[in-house]
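Visitor: Next come a sequence and a model predicted from it.
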Amino acid sequence: MTYIIAEPCVDVKDGACVDVCPVDCIYTEDDDNQYYIHPEECIDCAACEPVCPVLAIFAEEDTPVQWETYKDINYEYFGESR
């Protein structure tokens, strides 16, 4: 399991999640419009979830139905598939 960053993060990029991640598995580039969690590096610690100011981070299996596509978006960002 991994954590997923969904639509509420788009165009926000607060960075609180990056600051608390113990394994530095949350990435973005300057031209990206959100953060992404690397599915192979995430240790499922959930440290990022409660600090997200826009409530955009979910355990993969708890991702709301309206943001299901963000599962694939997060995996594809790293050249992976679910």
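Guide: Perfect, thanks for sending it. Numbering: from 1, shown residues only.

Visitor: Tell me where the model's unsure across the protein.
Guide: In the prediction, the chain carries no residues with pLDDT under 70.

Visitor: do that again at 90, thanks
Guide: Where the chain drops to pLDDT under 90, the residues are 1, 81-82.

Visitor: So which elements touch the helix ranked longest in it?
Guide: Secondary structure of the chain per DSSP state H: the longest helix is helix 69-77. With contacts defined as 3 or more CB pairs under 8 Å, 6 or more residues apart in numbering; DSSP states H and E, the secondary structure elements packing on helix 69-77 are strand 3-5, strand 36-37. Backbone N, C-alpha and C define where each C-beta goes, glycine included.

Visitor: Figure out which of those is closest to Ala56.
Guide: Proximity of the helices and strands packed on helix 69-77 to Ala56 was assessed by CB to CB; the nearest stretch is strand 3-5, lying at 5.4 Å.

Visitor: hey, where'd the helices end up in the protein?
Guide: Secondary structure of the chain by DSSP H: the helices cover 16-20, 69-77.

Visitor: which parts of the first one are buried?
Guide: Meaning helix 16-20. Buried residues in helix 16-20, counting neighbours by 16 or more other CB atoms under 10 Å, are found at Cys17, Val18.
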